[in-house]
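Chemist: Need coordinates for the below:
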Amino acid sequence: MQRLTELAKEYWKKGIISEAMQAVLGYGFAEMNLMRVQALVEPLNIASQKLMENNSFVKEGLLRKYEYTVGKFDDLYMYSLLKDEYNTK
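Modeler: Model (predicted):
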């Protein structure tokens, strides 16, 4: 499973991640024949939740205490986009 790392704050709200996401999704579904792409998003990260939803990802649910980082367990939302959903955009 590949993981997208964080973008430095000075580059936020410039459309960089949205543009990169479209390129990755197009390549993944067309060239790699992926069936599903998924993303884990922290509940307090509203901007990333909007990014997922604006790109047709579906919020599947909350993974409670799913990830251990910085000395504590965190909840994460699971989002996914299926190939047939992407092709209908």
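Chemist: What is the three-state secondary structure of the residue nearest to Glu67 when sequence neighbours are not counted?
Modeler: Distances taken as Cβ to Cβ, 6 or more residues apart in numbering place Asp74 nearest to Glu67, at 5.0 Å, with adjacent residues excluded. Backbone N, C-alpha and C define where each C-beta goes, glycine included. Following DSSP: H, G, I helix; E, B strand; the rest coil, we place Asp74 in the strand state.
Chemist: was I right about Asp74 contacting Leu62?
Modeler: No - counting by Cβ atoms under 8 Å, Asp74 does not reach Leu62; the two are 11.0 Å apart.
Chemist: So these two - more neighbours on which side?
Modeler: In this view Asp74 and Leu62 are compared by other Cβ atoms under 10 Å, and Asp74 has more residues nearby, 16 against 11.
Chemist: The more buried one and Lys14: what is the separation?
Modeler: 26 Å (Cβ to Cβ, to the nearest Å).
Chemist: what do you get for Lys59?
Modeler: 25 Å.
Chemist: Then Gln38?
Modeler: Noted for Gln38: a distance of 25 Å to Lys14, by Cβ to Cβ.
Chemist: Of the two, which one has the most company?
Modeler: Using other Cβ under 10 Å as the criterion, Gln38 and Lys14 rank with Gln38 on top: 14 against 10.
Chemist: Run through the residues that contact the more buried one.
Modeler: Contact analysis of Gln38 by Cβ atoms under 8 Å, 6 or more residues apart in numbering lists 78-81.
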